[in-house]
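> what shape does this take:
(chains A, B, C and D)
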4 protein chains.
Amino acid sequence: MSRVVVVEFLDGNHPRWGRAPTLVLHGLILLSAIAIAVETVPGLPPRMVSALNRFEAFILLLFVTEYILRLTCSPQPLRYAFSVWGIIDLLSCVPAIALLEPEWQAFRSLRLLRLLKLFHTSVALDRLGRALYHVRGELFLFGILSAFMLYVSAVGIYFFEHAAQPEAFASIPQSLWWAVASFTTVGYGDLYPITMGGRLFASIVLFIGLGIVAVPSAIITAALMDTKGDGAGDTSEQKPETTKKGDQNETS
Amino acid sequence: MSRVVVVEFLDGNHPRWGRAPTLVLHGLILLSAIAIAVETVPGLPPRMVSALNRFEAFILLLFVTEYILRLTCSPQPLRYAFSVWGIIDLLSCVPAIALLEPEWQAFRSLRLLRLLKLFHTSVALDRLGRALYHVRGELFLFGILSAFMLYVSAVGIYFFEHAAQPEAFASIPQSLWWAVASFTTVGYGDLYPITMGGRLFASIVLFIGLGIVAVPSAIITAALMDTKGDGAGDTSEQKPETTKKGDQNETS
Amino acid sequence: MSRVVVVEFLDGNHPRWGRAPTLVLHGLILLSAIAIAVETVPGLPPRMVSALNRFEAFILLLFVTEYILRLTCSPQPLRYAFSVWGIIDLLSCVPAIALLEPEWQAFRSLRLLRLLKLFHTSVALDRLGRALYHVRGELFLFGILSAFMLYVSAVGIYFFEHAAQPEAFASIPQSLWWAVASFTTVGYGDLYPITMGGRLFASIVLFIGLGIVAVPSAIITAALMDTKGDGAGDTSEQKPETTKKGDQNETS
Amino acid sequence: MSRVVVVEFLDGNHPRWGRAPTLVLHGLILLSAIAIAVETVPGLPPRMVSALNRFEAFILLLFVTEYILRLTCSPQPLRYAFSVWGIIDLLSCVPAIALLEPEWQAFRSLRLLRLLKLFHTSVALDRLGRALYHVRGELFLFGILSAFMLYVSAVGIYFFEHAAQPEAFASIPQSLWWAVASFTTVGYGDLYPITMGGRLFASIVLFIGLGIVAVPSAIITAALMDTKGDGAGDTSEQKPETTKKGDQNETS
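Numbers count the residues shown, from 1 in each chain, chains lettered A, B, ... in the order given. As a prediction, the model looks like this:
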């Protein structure tokens, strides 16, 4: 089996297997993401814990194999090794150390990086990136206005509520948390004004501020929807695999 | 009375009765939906319980009668029996078994299927379906981005809050519930970060993520609004049931 | 002083006083609205209570005077008496009975009707009405879809949560309150799912349903914004007062 | 060093230093905003408190120096002194009194005014102002409708809930707080209806009102987005300070 065939197989461009290897890999990564979540559930039966550990070891073995194959079979190994995806592939293998050296458990958190591999051949992240880039000026402007609004609201509510609720609104940083929870309209209910002045102030800033704080989110949403049409004329989206043939060149 | 007249009567196409039978049936289904809800209220007086049961029996009798009439009077009984609406009509009759055999109470939950009959001659569900089909690509793309955002937020908040609130943020699946309640901006207040790191992390992902998680809802809304004009020039809406011509003509 | 002059004065069309009488009346109605709210505050000092009562008596005297003047000075008294605004003017005077006969306190709630007088010469309510009329078909369609979504969500959450929280999710009508609070994203936090099944179900219906339940609000908002331009070409908005000259004709 | 050079330096127009002085000043103001927030955290170590105080003294010294320099070097000192920014610069210096006379602590709250200096050379606040001015008519109209909706909802919920929750819904002003928290969809969960009538009323007004109360925010958002393109062709944005030519040139 020639080297080029191996890379084609891994990239999902193999004439016979097609996208199958990519789909299997993506399925395993999703399963692994679920496994990482399930692992944290307290009181799991020991058999399940050991099954999850074996699955994790299998996934890591797969990633190490994939990385070695890609590195040895690529026509330009160094170019791959120092590309963004090459580094992500490498870092995804690092948690394997924790299997061999149990005291290196801290590296296990790097397992989450493998989720990024899902976006390797996907256009979603690319599209998000382009959308954000397109509206960076807008986002910056309204990000500042939002931050200003949040800060002023936090200072104001601290001024009104600190005396009445010295623990809930203990400081301005804590009041900022109230501002974030209120202006995103999440409203957990852990902090809320109880004085008449505080409620009046909160009502006023909420009615003014919701319109401003909602803008960055609306900008992202609008930009994401707008980039829909852009993709059609952008060859990097229609043929996301062709440019990676041979050596995994990345199109920016 | 000829067979065709019966079907015309049931479908609301009868020259004399017009839409009256359909409207009466829909009214009864709505009343039945209210009855199903009221039935669950604890401490109902026995007289009301027996009244609700009698109403339920009457509704089921009506559905069984309708099904038998449709089946015997349809020019193509098999075609009706295996059409989507034929199967829904049949399943709507199944809870009648629970009236005869009290131990088959489990079938009573099938009563909810009768709500679907409300959409038989309606364009609302059809429109929703077309709208969702139209934006299936968009929904898939942003559904994945949203799921990614929710997962990463849940993992992050678990990392920050697990030590401080070992019961509230007991595991990543539990933290996912926090992420859902926060990113939909519902914010029940059963779970919220209390550490400074957790609040900072939550603030950042909320401001980034609200824009992404809100996209699928916005896509559905936009698609639903867009299908407004489409319907006029779209023959599939004006004659949604052309394939059933002869046995189940629908009035648009 | 001729009769026509009195009506012109009351309607704010008097050549010398202009809109001044209308503005004074509106100011008094707003003050009265605040007074009605303040009246309910527990533990008010007796002096304030009597001041509020005197203010209320003054307002009622003013309304009675206005009604008598309008009735006697209108060229077509009957037409005024049976117009929408004539009836509102009359009902606004009814709470005066409670001043004379203390046991007729129930009529005091009619005082809120005087708020409608604020919209007498205003285009806001008219615009809202036109906007709602314009999208009545849309509102009906998505109102039904929303109601269906809320009902199905309530039934589902009742099914999942009733066993775990027999008091919180005691019945389907109670679960409907959860659905309303969740789908409007208010999320008071009085009711929320705690079982894994209930949370999964809630997550799914929330992500699907927010897009549907938000549509009626979005339709109203869009219609309100759209009617902006309509007004320019609509003489009833540009000259809202001219048609009322003399006898208070209402334009629909 | 000539006077003009000093003003150029302070305004960020100096041929050699460019925007550096402005950026340093803005950075210090942001740091100072963080310091004001951190100052309120209870239980700070004494060393940190004294460090924050020294930083505050340094900032004030800087502002006093800047104000004196601007006043003495400006070609038209009086014009600067009575311009909006001149007054803000002066008021930003006032908290310095609290350093000299410890009993004048109340002036410390004026420190927040220094945040406005961030918008001196920025177009963000200007843009917000123009956007609000552009839609002032709309905002007024829907502000009134929203206020009406909030008031009616508060009166209604008070009517339904006062008997069941005499403390939570003690008065109409308190019920207004419920209305604000609900219609903004924040929903803290400190106040919510528990009676069936109250919940039904709340459901109805929420579904009607969310569409109206959301309009002012949507108007601000839309206006902010619309002013994007306007700025390019609008000379008032490119040269926002033309009236101060000579003493306070701004770079756009």
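> ok now the helix or strand where A:Thr65 lies, how far from the chain's centre?
When elements are assigned from DSSP states H and E, A:Thr65 belongs to helix A:46-73. Here helix A:46-73 is found 22 Å from its chain centre; the criterion is CA atoms, centre = their mean, to the nearest Å.
> does any part of it sit near chain C?
No. Among the residues of helix A:46-73, none lie within reach of chain C under CB under 8 Å from any CB of the partner chain; the closest is 15.8 Å away. (Glycine included, C-beta is placed from N, CA and C.)
> what's the following helix or strand after that helix?
Scanning forward in sequence from helix A:46-73 by DSSP H and E, the next helix or strand is helix A:77-81.
> in that next one, what's buried?
Buried residues in helix A:77-81, defined by neighbour count with 16 or more other CB atoms under 10 Å in any protein chain shown: A:Tyr80.
> hey, C-alpha coordinates of that helix in CSV?
Coordinates of the C-alpha atoms in helix A:77-81 are reproduced here as CSV (Å, rounded to 0.1, in the frame of the first residue of the first chain):
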residue,chain,number,x,y,z
PRO,A,77,5.9,15.4,7.1
LEU,A,78,7.3,18.7,8.6
ARG,A,79,4.7,20.8,7.0
TYR,A,80,2.0,18.5,8.4
ALA,A,81,3.6,18.4,11.9
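> and the helix or strand just after that helix, what's its mean pLDDT?
On the C-terminal side of helix A:77-81, the nearest following helix or strand under DSSP H and E is helix A:84-93. Helix A:84-93 comes out with an average pLDDT of 87.
> over to stretch A:14-30?
Across stretch A:14-30, the average pLDDT comes to 86.
> ditto for stretch A:176-191
91.
> how far does that stretch stretch from start to finish?
One end of stretch A:176-191 to the other measures 10 Å (CA to CA, to the nearest Å).
> any idea how far that stretch is from the chain center?
23 Å.
> likewise stretch A:7-18?
On CA atoms, centre = their mean, the centre of stretch A:7-18 falls 27 Å from the chain's centre.
> could you do stretch A:158-171 as well?
The chain centre lies 35 Å from the centre of stretch A:158-171; the measure is CA atoms, centre = their mean.
> name the residues that touch that stretch?
Applying CB atoms under 8 Å, 6 or more residues apart in numbering or on different chains, the contact partners of stretch A:158-171 are A:157, A:172, A:174-175, A:178, A:190-191, A:193-195, A:197-198, A:201, D:37-38, D:40-42, D:109.
> coming back round to it: pull out the buried positions in the helix holding A:Thr65.
Buried residues in helix A:46-73 (16+ other CB under 10 Å): A:Leu52, A:Glu56, A:Ile59, A:Leu60, A:Leu62, A:Phe63, A:Val64, A:Glu66, A:Tyr67, A:Arg70, A:Cys73.
> about what we covered before: among the contacts of stretch A:158-171, which are in reach of chain B?
A:Asp190.
> narrow the contacts of stretch A:158-171 to those that are buried.
A:157, A:172, A:174-175, A:178, A:190-191, A:193, A:195, A:198, A:201, D:37, D:40.
> report the two of the residues you listed separated the most.
A:Thr195 and D:Ala37 (20.6 Å; CB to CB).
> low-confidence stretches in chain A?
A:1, A:105, A:121-125, A:211, A:221, A:225, A:227-252 (pLDDT under 70).
> how about the residues of it by chain C?
A:Thr185, A:Val186, A:Gly187, A:Tyr188, A:Gly189.
> quick one, the host helix or strand of A:Ser175 and helix D:172-183 angle?
For A:Ser175, the element it lies in under DSSP H and E is helix A:172-183. Relative orientation of helix A:172-183 with respect to helix D:172-183: 70 degrees, computed using axes from the mean of the first three to the mean of the last three CA atoms, to 10 degrees.
> tell me which other helices or strands helix A:172-183 touches.
helix A:136-161, helix A:196-232, helix B:196-233, helix D:20-39 (3 or more CB pairs under 8 Å, 6 or more residues apart in numbering or on different chains; DSSP states H and E).
> quick one: those helices as a markdown table, columns for distance to C:Ser32 too.
Shown next, in a markdown table, are the helices and strands packed on helix A:172-183 (distance: least, CB to CB, whole Å):
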| stretch | distance to C:Ser32 |
| --- | --- |
| helix A:136-161 | 28 |
| helix A:196-232 | 20 |
| helix B:196-233 | 40 |
| helix D:20-39 | 43 |
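> closest to D:Leu91 out of these?
helix D:20-39 (14.1 Å).
> buried stuff in the closest one?
For helix D:20-39, by 16+ other CB under 10 Å, it's D:Pro21, D:Thr22, D:Leu25, D:His26, D:Leu28, D:Ile29, D:Ser32, D:Ala33, D:Ala35, D:Ile36, D:Ala37, D:Glu39.
> stretch A:158-171 too?
Buried residues in stretch A:158-171 (16+ other CB under 10 Å): A:Tyr158, A:Phe159, A:Phe160, A:Glu161, A:His162, A:Gln165, A:Ala168, A:Phe169, A:Ala170, A:Ser171.
> where does the stretch 151-252 of chain A get nearest to chain C, which residue?
A:Gly189 (5.1 Å; CB to the nearest CB).
> count of neighbours near that residue?
A:Gly189 has 23 neighbours, counted by other CB atoms under 10 Å in any protein chain shown.
> doesn't it fall inside a helix?
No. Going by DSSP: H, G, I helix; E, B strand; the rest coil, the assignment for A:Gly189 is coil, not a helix.
> unless I'm mixing things up, it is touching D:Gly189, no?
Yes. In terms of CB atoms under 8 Å, A:Gly189 counts as a neighbour of D:Gly189; the distance is 3.6 Å.
> now list whatever residues contact both of these two.
B:Gly189, C:Tyr188, C:Gly189.
> quick check, central residue of chain A?
A:Leu116 (7.6 Å; CA atoms, centre = their mean).
> what residues does the stretch 151-252 of chain A put near chain D?
Close to chain D, as judged by CB under 8 Å from any CB, the stretch 151-252 of chain A has residues A:151-152, A:154-155, A:158-159, A:162, A:170-173, A:176, A:181-182, A:185-189, A:192, A:194, A:196, A:199, A:202-203, A:206-208, A:210-212, A:214-215, A:218-219, A:222.
> hmm, back to that, and which of the shared contacts of A:Gly189 and D:Gly189 is nearest to chain A?
Within the shared contacts of A:Gly189 and D:Gly189, the smallest distance to chain A is 3.6 Å, found for B:Gly189 (CB to the nearest CB).
> give me phi/psi at that closest one?
phi 90, psi 10 (degrees, to the nearest 10).
> which residues does it contact?
By CB under 8 Å, 6+ apart, the neighbours of B:Gly189 are A:Gly187, A:Tyr188, A:Gly189, A:Asp190, C:Gly187, C:Gly189, D:Tyr188, D:Gly189.
> give me the nearest residue to A:Ala96, chain neighbours excluded.
Spatially, and ignoring its direct neighbours in sequence, A:Ala96 is nearest to A:Leu60 (4.3 Å; CB to CB, 6 or more residues apart in numbering or on different chains).
> what about that neighbour, distance to A:Ile34?
16 Å (CB to CB, to the nearest Å).
> for A:Val186, give me its contacts.
Counting by CB under 8 Å, 6+ apart, A:Val186 has contacts B:Ser182, B:Thr185, B:Val186, B:Gly187, B:Leu206, C:Gly187, D:Val186.
> quick check: ChimeraX command selecting the buried ones in these.
Buried members of these, defined by 16+ other CB under 10 Å, are picked up in ChimeraX with:
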select /B:182,185,186,187,206 /C:187 /D:186
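> and the two most separated of the contacts of A:Val186?
B:Leu206 and C:Gly187 (14.3 Å).
> how about the nearest residue to the residue in chain A sticking out farthest from the centre, chain neighbours excluded?
Ranking residues of chain A by C-alpha distance from their mean position (CA atoms, centre = their mean) puts A:Met196 at the top, at 41.3 Å. The shortest distance from A:Met196 to any non-neighbouring residue, by CB to CB, 6+ apart, is to D:Pro173 (7.4 Å).
> same question, A:Gly209
Closest to A:Gly209 by CB to CB, 6+ apart is A:Met149, at 4.6 Å.
> how about A:Pro216?
A:Phe142 (5.1 Å).
> just A:Thr22 next, same as before
A:Gly12 (3.6 Å).
> this completes my enquiry, with thanks.
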